[in-house]
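Visitor: make a model of this:
(3 chains)
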Amino acid sequence: MLRVEHLRKVYESATGTVEAIGDVSFTMAEGELVCVVGPSGCGKTTLLKCIAGLLRPTSGLIEMDGQPVTGPTPSMALVFQEYGRSLFPWLTVRGNVELPLRHKKLPRSQRARMVDDALVAVGLADAAKSHPWQLSGGMQQRVAIARAIAYEPEVLIMDEPFAAVDAQTRADLEDLVRDLHRTRGVSILFVTHDIDESVYLGERVLVLSTSPTSVRESVAVDLPADRDQIATRALPRFTELRTHVYGQIQRAKQHAGVPSAVP
Amino acid sequence: MSAPPRVRPAARLRRVVANVLFAVGLPALVLLAWEVLAKAPEDAVGVEKFYPGPFTVGAAFVDNWTGRAFAEDVLPSVYRLAIGIAASIVIGIAVGTVIGLARWLRESTEPVLEFFRAVPPPALIPIVMLLLGINDEMKIAVIVSGAVWPILLNTIEGVRGTDAVMTETADAFRITWWQRLWFLVLPAASPRIMTGVRQGLSVALILMVISEMFASSSGLGYRIVYFQRNYLIAESWSGIVLLGLMGVMLAVLFGFVERRVLRWYHGMREVERG
Amino acid sequence: MTSPSDPRWRSLRKVVLGIAGLLAFLVVWQLVPTLGLVDREYLPYVTDVGARLAREVVDLAFWRRLGLTLQAWAIGLAFASAAAVVLGTAIGLVPFLRRATHTTVEFLRPIPSVAIVPVAVIIQGINIEAALIIIVYASFWQMFVQVLYGVADIDVVARDTARGFGLTRWERLAMVVFPTALPYIMTGLRLAASVALILAITAEMVIGNTGLGTLIMQSRSTPGDAAGLYAFVVVAGALGVIINLVFRFIERRALHWHQSVRGEEVL
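Guide: Reported below is the predicted structural model:
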């Protein structure tokens, strides 16, 4: 479904050229939940923005359902890390979720139903009339997620969405993501710096190297599909996987990454 | 979280009384002292002539600004003020949005706009009179020629400073250009625009008065010049009172509108602070 | 070729575009009467206005009048600022006074200075004193409001510490109140300076004391002297720009000093 081949992104900055992404290649099948981890500063956000069509890559190919990605498409929806700045404070929760649907030329009743549906799915049915700044951080991020799934994309792209949220709320939100993945069958590309989170959530974990960024390894997460914060994290296999990913990242930080496995 | 403490009725009454006293205390004292010290116009000598007591001024106020004069002078002025303000807001926001959205436009118009903003608004009046002649349109144009600048320039500032993450969100969800303007750019700029409108209101009031001081046969400005030329001191003071009232009413009206339009903004700031 | 995001290229581009915009404006101005869109009597050629300006700039009488305007501006500004700083500090520091004067301030503040003109003229006649009354009245409020903000912004901890150390009231004023209020005072000065200029010229136009404003009114009533009218309005605008730039510079300098001093104290 989603294909990235030899993606390269180079920036001009005041201090010289920065190679944010060196050579990233991977594919993603329909209905997968893929997590992306890497050392800080390895261009995870840049990678997401290129895939979502917000940035033009310097070279390489990004293809969605066989079509090259040249700009934002209706098949992808983005959830940003800074929920506070991504939700519009002058709109209500309902208004925020509804906004991207307005240009889809749907009858109003259907639009309203989709919005209600999404709000119920993230557990915010009661908050529809509130404004985002009246809600807690975790709830605001739920609004952003509701907005993304109401859009009915094929891929949900999430950029470290839970980094700015406390641990307790993060656990709830992680379970919400898995829930949505299973009930709605939407593919999810999830970027995080939290290794435990990536193993807990993902069916596959892509480990990135440091600059020039590439995919060091694609780790298959063979944990059971039914996951629980306490039980799953206590499994020995969980610890094995997270140690492995952690080790890869440590090695990546020590020297330039050499791709060891290709998906 | 504990329940708020119950305020005893006596304490609450004390607070209300205190608030009222603070509100009217000083003005009442001043007016009282003034009335006591002032002499009736017939008995006033020299400097005393210039400061008629509040009752005298009040009588002049009623004589001059109520009844027929209200319809002949006050209403037309207020009407022109309203149209001038409305036109300034529409032009200021429309042009400001266009300029604010295009960086090359912003940078190329900046010197000229800053110059026009720096010209003392009353100095433009003779030019507007020259170009438009002496009529109602001229008076409205005069108001616009001064009030539009703070609105225009503040709109430009507000529009260009749209949050980058919000813009990116609009990009990612492919929100149409028109919807972006209505749901993102303008609401995000509205606090800044409101600041400009507030400044524009004071300029508009001043220009309304001055535009009627030159070559006009009706209106507040005309009446004020008339009083001055005929040494009508009590009437002149009443003019000050009237314009003060108008200024206060404009401020109050603006306050209402601002609180409604920027309800989300005030709510957000309160949450941030608390 | 340097990249477009290079800051040097960016500021150069800004200057170039600004000049281009200004030139375009002047060209359009010149074209309008040339093409007959507006009669030359009402919108003179840019070149005519420029020539008139050049003539005035070498005329001593022009500078004398300009000097009178600036004199009224300066005196009015000085009075207004001094009064506003004193009253603003006194009222701002005493909560009782602040509450008691609140409604009075909120009623007096929106009164446009022009409303006071007839009273001022009847009492003082047609001279600079009448003009000063309305200049001071308008500029005072600009500064006063800023001083109130400044005094309200005082760090409570700093104030209590000073009091705890037994500093006299004057010492507290100098070491706690003044530094906190300084940036606000500078902002107020800039705003008051701009308002004072507007009122100085307004007074000359409406009251008739000699100055740039009277030059403007004279040109207006002289038939065929449209170039003169435009020229004097340009001068008024130039004055406004210069005063704005100068006071913005002063304000930035004072704030810069202020911040670096505070920075040291934090260390």
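Visitor: if I look at B:Phe61, how far off is A:Val115?
Guide: 57 Å (Cβ to Cβ, to the nearest Å). All C-beta spots, glycine's among them, are computed from the backbone N, C-alpha and C.
Visitor: now do C:Gly67
Guide: As for C:Gly67, its distance to A:Val115 is 68 Å (criterion: Cβ to Cβ).
Visitor: who has more neighbours out of the two?
Guide: Per other Cβ atoms under 10 Å in any protein chain shown, whichever of C:Gly67 and A:Val115 has more neighbours is A:Val115, with 22 against 12.
Visitor: what helix or strand is the residue nearest the centre of chain B on?
Guide: Nearest to the geometric centre of chain B sits B:Leu201, at 2.9 Å (Cα atoms, centre = their mean). Here B:Leu201 sits within helix B:186-211, counting by DSSP states H and E.
Visitor: pull out the buried positions in the helix or strand following that helix.
Guide: Proceeding N to C from helix B:186-211, the next assigned helix or strand is helix B:220-229, under DSSP H and E. By neighbour count with 16 or more other Cβ atoms under 10 Å in any protein chain shown, helix B:220-229 contains the buried residues B:220-228.
Visitor: do the next helix or strand after helix B:220-229 and chain C meet?
Guide: Along the chain past helix B:220-229, the next helix or strand (assigned with DSSP H and E) turns out to be helix B:233-261. Yes - judged by Cβ under 8 Å from any Cβ of the partner chain, helix B:233-261 comes into contact with chain C at B:233, B:236-237, B:239-240, B:242-244, B:247-248, B:250-251.
Visitor: quick one, helices of the stretch 101-250 of chain A?
Guide: A:108-121, A:137-150, A:167-184, A:195-201, A:229-234, A:236-254 (DSSP state H, counting those that start in this stretch).
Visitor: closest to C:Gly36 out of these?
Guide: helix A:108-121 (54.4 Å; Cβ to Cβ).
Visitor: quick one: list the elements packing against the closest one.
Guide: When contacts are defined as 3 or more Cβ pairs under 8 Å, 6 or more residues apart in numbering or on different chains; DSSP states H and E, helix A:108-121 packs onto helix A:93-98, helix A:137-150, helix A:167-184.
Visitor: who touches that helix?
Guide: Applying Cβ atoms under 8 Å, 6 or more residues apart in numbering or on different chains, the external contacts of helix A:108-121 come out as A:93-94, A:97-98, A:101-102, A:104, A:106, A:125, A:127-128, A:146-147, A:149-150, A:152, A:180, A:183-184.
Visitor: could you turn the buried ones of the residues you listed into a ChimeraX selection?
Guide: Listed next is the ChimeraX selection for buried residues among the contacts of helix A:108-121, using 16+ other Cβ under 10 Å:
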select /A:93,94,97,98,101,102,127,128,146,147,149,150,152,180
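Visitor: give me the subset of the contacts of helix A:108-121 touching chain B.
Guide: A:102, A:147.
Visitor: now the lowest-mean-pLDDT helix or strand in chain C - C-alpha only, PDB.
Guide: Among the helices and strands of chain C, helix C:169-172 carries the lowest confidence by mean pLDDT, DSSP states H and E, at a mean of 76. Provided in PDB are the C-alpha atoms of helix C:169-172 (Å, rounded to 0.1, in the frame of the first residue of the first chain):
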ATOM      1  CA  ARG C 169      10.200  54.800  50.600                       C
ATOM      2  CA  TRP C 170      12.400  56.800  48.300                       C
ATOM      3  CA  GLU C 171      15.000  54.000  48.200                       C
ATOM      4  CA  ARG C 172      12.300  51.500  47.300                       C
END
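Visitor: my hunch is that A:Val4 is in a strand, does that hold up?
Guide: Yes - the assignment for A:Val4 is a strand, going by DSSP: H, G, I helix; E, B strand; the rest coil.
Visitor: still on that earlier bit, quick check: nearest residue in space to the residue nearest to the centre of chain B, chain neighbours excluded?
Guide: The spatially closest residue to B:Leu201, leaving aside those adjacent along the chain, is B:Leu250, at 5.4 Å (Cβ to Cβ, 6 or more residues apart in numbering or on different chains).
Visitor: alpha carbons of the helix or strand encompassing C:Ser219, as CSV, please.
Guide: For C:Ser219, the element it lies in under DSSP H and E is helix C:212-221. Taking C-alpha atoms only, helix C:212-221 is exported to CSV below (Å, rounded to 0.1, in the frame of the first residue of the first chain):
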residue,chain,number,x,y,z
LEU,C,212,3.0,73.9,10.4
GLY,C,213,-0.7,73.5,10.8
THR,C,214,-1.4,77.1,9.9
LEU,C,215,0.8,76.6,6.8
ILE,C,216,-1.4,73.7,5.8
MET,C,217,-4.5,75.8,6.4
GLN,C,218,-3.1,78.7,4.4
SER,C,219,-2.3,76.5,1.4
ARG,C,220,-5.8,75.1,1.6
SER,C,221,-7.4,78.5,1.3
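Visitor: so who does the nearest residue to C:Leu108 once chain neighbours are set aside touch?
Guide: Closest residue to C:Leu108 apart from its sequence neighbours, by Cβ to Cβ, 6+ apart: B:Gly244 at 7.2 Å. By Cβ under 8 Å, 6+ apart, the contact set of B:Gly244 is C:107-108, C:110-111, C:115.
Visitor: for the residues you listed, which one is nearest B:Trp264?
Guide: C:Pro110 (26.9 Å).
Visitor: pretty sure the closest one is touching B:Leu250, no?
Guide: Yes - because the distance of 6.9 Å satisfies Cβ atoms under 8 Å, C:Pro110 is recorded as touching B:Leu250.
Visitor: low-confidence ranges in the stretch 151-263 of chain A?
Guide: A:255-263 (pLDDT under 70).
Visitor: near chain B, which residues of it are found?
Guide: A:Tyr151.
Visitor: taking the centroid of the chain, which residue is nearest it?
Guide: Looking at chain A here, since you left the chain open. Nearest to the mean C-alpha position of chain A, counting by Cα atoms, centre = their mean, stands A:Met158 at 2.2 Å.
Visitor: that answer is for a different chain, and I need it for chain C
Guide: By Cα atoms, centre = their mean, chain C has its centre lying nearest to C:Ser194, at 1.1 Å.
Visitor: in whichever strand or helix holds that one, which residues are buried?
Guide: Taking DSSP H and E as the criterion, C:Ser194 maps to helix C:178-206. The neighbour-count check on helix C:178-206 (16+ other Cβ under 10 Å) flags C:179-206 as buried.
Visitor: do stretch A:112-119 as well
Guide: For stretch A:112-119, the neighbour count (16+ other Cβ under 10 Å) marks A:114-119 as buried.
Visitor: next: stretch B:150-165.
Guide: Of the residues in stretch B:150-165, B:150-160, B:162-163, B:165 count as buried by neighbour count, 16+ other Cβ under 10 Å.
Visitor: got it, and stretch C:65-83?
Guide: Under 16+ other Cβ under 10 Å, the buried positions of stretch C:65-83 are C:65-66, C:68-70, C:72-73, C:75-77, C:79-81.
Visitor: and for C:Thr47, nearest residue in space, chain neighbours not counted?
Guide: Closest residue to C:Thr47 apart from its sequence neighbours, by Cβ to Cβ, 6+ apart: C:Gln30 at 6.8 Å.
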